[in-house]
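Undergrad: generate coordinates for the sequence data below:
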Amino acid sequence: MEMIRTKLDALKKLAGNLGVDPAETARCVTINDALNLIAQHLGGETGARTNAEAIGNIAEVASAGGGGLTEYEKMLFESKKSYSPEEFMAGNIRTYDLVIPEEVEELPESAFSMSPLQFAPQIGAYGIPLGSVVLPDTITSIPTMCFYNQGLRSVTFGNSVESIGETAFCSCPIEELVFPPTLKTIGEGAFYGARISELTIPEGVTTIECGAFSSCLNLKVANLPSTLVTREFGENEQGIFTQCTALETVNINMPEGSIDVSDFFGLTPPTVNWLG
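TA: Numbering: from 1, shown residues only. Model (predicted):
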């Protein structure tokens, strides 16, 4: 299977799927090159100097019929289209409920990430927030910053996800998390700032990196599995539950003292119940 490691890789693969000459695709060395090539192939305007402008050109083609883009690809480009601050603040921007189709096997890093506060000062434009996302069983890994700072309140994981990357859902206001039994690792800052009130990590998870659930201010109860393996966090690393100021109870499915939880919490540790 062809590896998709970057946005440029993903755009080159999309160009190939649309029937662009492989020789032309191979000459793309920047994201802007690939975006302009796709726009040209779809019959849209070309020569855009910025990625935002090129994405806008493709989004216009998509909204007019798609030119061979799938519904998922149309949504991807439309969700990245830039709008003026006035349009955004007026509430004229659609919030998407994204369903990623089964044929998608990999997502590139930062695939749906948004700039801080959904605002990019350098271009004076807002992006479109996602309200929810459903991930297919074909995706086994969610990469770094994939949905960083999105408006997600709901995420449905497929039954094959094994790893969730660093800051993958950082600053998303997710209200509930139900993880699949296949999950093994949760990256640093993956769910920083989520709005969950209760958390259950399934059996089989071995690694939860520093700050994975830090600043989840509504979190009251956390349930941890017997398979969890801990490591000593560095001086400048946050604990798993640092700044979870409402956290009252942590239930750990192990005999007392099986793991060191001293680095898990902030200044006021919760009640820890050992259930093994």
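Undergrad: and residue 174, helix, strand or coil?
TA: Secondary structure, DSSP: H, G, I helix; E, B strand; the rest coil: residue 174 is coil.
Undergrad: for the residue nearest to it when sequence neighbours are not counted, what are its contacts?
TA: Nearest non-adjacent residue to residue 174, counting by C-beta to C-beta, 6 or more residues apart in numbering: residue 194, 4.5 Å away. From N, CA and C alone the C-beta is placed, and that goes for glycine too. The contact partners of residue 194, taken as C-beta atoms under 8 Å, 6 or more residues apart in numbering, are 169, 172, 173, 174, 175, 177, 213, 216, 219.
Undergrad: next one: residue 271
TA: 248, 249, 250.
Undergrad: closest one of the contacts of residue 194 to residue 276?
TA: Closest approach between the contacts of residue 194 and residue 276, by C-beta to C-beta: residue 213, at 21.5 Å.
Undergrad: surely the closest one touches residue 219?
TA: Yes: Residue 213 lies in contact with residue 219 (C-beta atoms under 8 Å); the separation is 6.7 Å.
Undergrad: show the buried residues in the contacts of residue 271.
TA: residue 250 (16 or more other C-beta atoms under 10 Å).
Undergrad: now render the contacts of residue 271 as CSV, adding secondary structure and pLDDT.
TA: Listed next are these as CSV, based on DSSP: H, G, I helix; E, B strand; the rest coil; pLDDT from 0 to 100:
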residue, secondary structure, pLDDT
248, coil, 94
249, strand, 95
250, strand, 95
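Undergrad: looking at the contacts of residue 271, spot the one nearest residue 29.
TA: residue 250 (49.2 Å).
Undergrad: residues contacting that closest one?
TA: Residue 250 touches 221, 222, 223, 224, 241, 261, 264, 270, 271, 272, 273, counting by C-beta under 8 Å, 6+ apart.
Undergrad: and for residue 19, the neighbour number?
TA: 8 (other C-beta atoms under 10 Å).
Undergrad: same question, residue 35
TA: Residues near residue 35, counting by other C-beta under 10 Å: 29.
Undergrad: my guess is it meets residue 49, correct?
TA: No: using C-beta under 8 Å as the test, residue 35 is too far from residue 49 to be in contact (10.9 Å).
Undergrad: anything in contact with each of those two?
TA: With C-beta under 8 Å, 6+ apart as the test, residue 35 and residue 49 reach no residue in common.
Undergrad: my guess is residue 222 is in a strand, correct?
TA: Yes: using three-state DSSP, the assignment for residue 222 is a strand.
Undergrad: wait, it sits on residue 251?
TA: Yes: using C-beta under 8 Å, residue 222 is in contact with residue 251, at 7.3 Å.
Undergrad: and residue 213 and residue 219? Which one has more around it.
TA: Neighbour comparison, residue 213 and residue 219: the larger count goes to residue 213, with 28 against 23 (by other C-beta under 10 Å).
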